[in-house]
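Trainee: curious how this folds, go ahead:
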Amino acid sequence: MSDCTDVDPAPRPVTGPRIARLVRQLEGAADAEARDALTEAFWAEAARTGTPLVEELDDAPGHRAVTFLWRGHRATRRVLLMAPGITDPERLADSLLRHLPGTDIWYLGHRLRADHRGSYRMVADISAGPAPADPALLQRRLLALRAHGGADPLNPARIPVRWRDAQDSVFALPDAPPQPWTGRRPAVPRGGVERHAVAAGVLGAVRDVWVYLPPDAVPYRPAYEPGEQGRLPLLVLCDGDMWFDRLGLQDTLDALIADGVLPPLAVLAPDAVGTATRRLELGGRESYVSFLADEVVPWASARWPLTARPDRTVVAGQGLGGMTALYAGLTRPERFGAVVAQSPSLWWRPGLEPGAVAPDAVGTPWLATLAAGLRDGLPGGARGAAVHFDVGLHEGALAEHTEALQAVLRARGHRVTRNLHNGGHDYACWRGFLADALVELVGTGLDVNAAASQGGTGPAGRSAVCSAGLPGRPATR
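Mentor: Purely as a prediction, here's the structure:
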């Protein structure tokens with residue numbers, strides 16, 4: 001494994017060695033039959049090895065040439081790659097695959113740092129006629145084309161897509177942090193998942209809430225204090241419909257508990273319902289935090305043995321859900337003593353129209369201003385929340401904004417960790433780092449290397465290189 005902490009993580013166009021060799025072979029082919037044979041041999045190799053093609057570069061040992069492929073046909077006019085952290089939504093034409101003349105091969109190569117992980121989808125444009133010459137019109141056509149994207153047929157690694165019955169493809173380069181707890185593992189005790197309709201009075205609605213309870217075969221942790229005997233640590237997680245209905249988070253939790261690195265715990269995860277509702281309710285909104293703290297948690301605590309300790313209660317989310325988790329931890333520390341904010345939408349601020357996104361150049365995030373203005377001291381002498389950030393290096397100004405917020409939170413007595421990883425705004429990254437964060441915040445304290453005999457390895461057993469772009473360590477603390 002190479003040490004690439006000082007290597008530029010920015011994607012750069014590149015022609016990979018395999019495509020370059022194929023071009024030379026096609027140029028030297030005697031006739032059309034020989035070219036067809038070379039093309040078929042290329043696709044057979046791609047089917048055998050899988051895609052995208054990942055190749056070493058002699059002049060860039062900390063990088064890999066990553067080549068995305070599409071097998072076209074006579075009607076194929078253009079092929080668009082959509083990959084968080086690689087595709088620029090404002091310049092979609094830059095992510096159009098190139099056609100290798102005289103073949104059905106479409107390709108696009110990027111030089112990526114060797115710890116990159118991400119999801120992607122592709123779509124072929126089979127509309128008649130040439131592409132618009134006007135860049136603005138071409139951008140408009142490609143924007144419309146995105147809705148029809150799907151998984152790479154030659155890549156078996158998949159992840160569900162939100163809100164629709166589709167999948168994205170996933171790739172992970174050799175130095176990407178491992179994700180040992182994702183996916184179903186055979187022969188481990190299974191927890192239970194239930195879906196309940198819960199009255200959300202503060203929202204004026206009823207919300208479905210996913211409930212995960214640990215396997216009966218695994219005993220509860222010993223008491224931490226009087227009254228806590230047999231009570232479960234708790235995770236309150238935004239976007240339950242994605243995490244449980246689509247991503248199968250229960251399999252990850254089962255594996256973590258079976259490996260002994262996470263105690264048996266419960267999870268409460270309300271549905272996001274849909275895009276419009278999610279935009280209206282999530283963010284720094286008191287109403288939704290009240291729903292979580294004053295309705296969902298008490299409802300569940302009346303039915304199952306859940307902890308009442310804030311330091312054993314985690315609130316977590318991604319994007320707008322990450323913003324919600326931060327707001328909950330800051331304003332309700334007596335309920336939520338630990339926060340996992342993955343790619344939080346720090347552009348959010350009161351007064352934005354639903355669905356609007358504030359530009360990156362907003363200066364100090366609103367939440368940092370709010371945190372700085374909160375009164376000193378916490379209710380009942382409570383400690384500051386433990387706050388963990390996961391931030392992709394390809395998420396615009398988010399790294400800068402979380403750094404600003406981190407400084408304010410520490411000054412207010414919160415304990416903050418931040419993991420900068422080589423990825424984008426992407427569930428392909430979040431699902432692995434969520435497991436790591438839970439181990440860090442409410443884990444058993446077992447060295448994760450001890451879990452290797454049962455198939456698990458975690459943060460302590462990983463190489464520290466390439467995770468944050470910082471010398472010698474994967475996270476800032």
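
Trainee: where exactly do the helices run in the stretch 101-250 of the chain?
Mentor: Per DSSP state H, counting those that start in this stretch, the stretch 101-250 of the chain carries helices over the ranges 135-145, 240-243, 249-258.

Trainee: any chance of these in JSON lines, plus mean pLDDT?
Mentor: Shown next, in JSON lines, are these (pLDDT from 0 to 100):
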{"stretch": "helix 135-145", "mean pLDDT": "94"}
{"stretch": "helix 240-243", "mean pLDDT": "97"}
{"stretch": "helix 249-258", "mean pLDDT": "97"}
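
Trainee: residue 427: which of the ones you listed is closest?
Mentor: helix 240-243 (7.3 Å; C-beta to C-beta). Bear in mind the C-beta positions are built from the backbone N, C-alpha and C, glycine included.

Trainee: starting at the chain centroid, how far to stretch 228-240?
Mentor: Put simply, stretch 228-240 sits 21 Å off its chain's centre (C-alpha atoms, centre = their mean, to the nearest Å).

Trainee: so for it, first residue to last residue, what's the gap.
Mentor: End-to-end distance for stretch 228-240, by C-alpha to C-alpha, to the nearest Å: 26 Å.

Trainee: buried stuff in it?
Mentor: 228, 231-240 (16 or more other C-beta atoms under 10 Å).

Trainee: next one: stretch 175-189
Mentor: Result for stretch 175-189 [16+ other C-beta under 10 Å]: buried residues 175-182, 185, 188.

Trainee: now do stretch 117-137
Mentor: 117-125.

Trainee: same check on stretch 198-207?
Mentor: Judged by neighbour count using 16+ other C-beta under 10 Å, the buried positions of stretch 198-207 are 198, 200, 202-203, 207.

Trainee: could you give the mean pLDDT of it?
Mentor: In this model, stretch 198-207 has a mean pLDDT of 94.

Trainee: also stretch 37-57?
Mentor: Mean predicted confidence for stretch 37-57 is 97.

Trainee: please apply the same query to stretch 78-98.
Mentor: Per-residue pLDDT over stretch 78-98 has a mean of 96.

Trainee: how long is it from one end to the other?
Mentor: Stretch 78-98: ends 8 Å apart by C-alpha to C-alpha.

Trainee: ok so, going back, next, format the buried residues of stretch 117-137 as a markdown table and append pLDDT and distance to residue 304.
Mentor: Below are those laid out as a markdown table (pLDDT from 0 to 100; distance: C-beta to C-beta, whole Å):
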| residue | pLDDT | distance to residue 304 |
| --- | --- | --- |
| 117 | 98 | 35 |
| 118 | 97 | 37 |
| 119 | 98 | 34 |
| 120 | 98 | 39 |
| 121 | 97 | 39 |
| 122 | 97 | 44 |
| 123 | 96 | 44 |
| 124 | 96 | 49 |
| 125 | 93 | 51 |
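
Trainee: pick the one among those residues closest to residue 85.
Mentor: Of all these, residue 85 sits closest to residue 118, with 5.4 Å by C-beta to C-beta.

Trainee: so what's the closest one up against?
Mentor: Going by C-beta atoms under 8 Å, 6 or more residues apart in numbering, residue 118 touches 83-86, 170-171, 423-424, 426, 428-429.

Trainee: out of these, which is most surrounded?
Mentor: With neighbours taken as other C-beta atoms under 10 Å, the top of the contacts of residue 118 is residue 429, carrying 31 neighbours.

Trainee: does that one lie in a helix or a strand, and which?
Mentor: helix 427-442 (DSSP states H and E).

Trainee: and that helix, average pLDDT?
Mentor: Mean predicted lDDT for helix 427-442 stands at 97.

Trainee: I appreciate the help and will end here.
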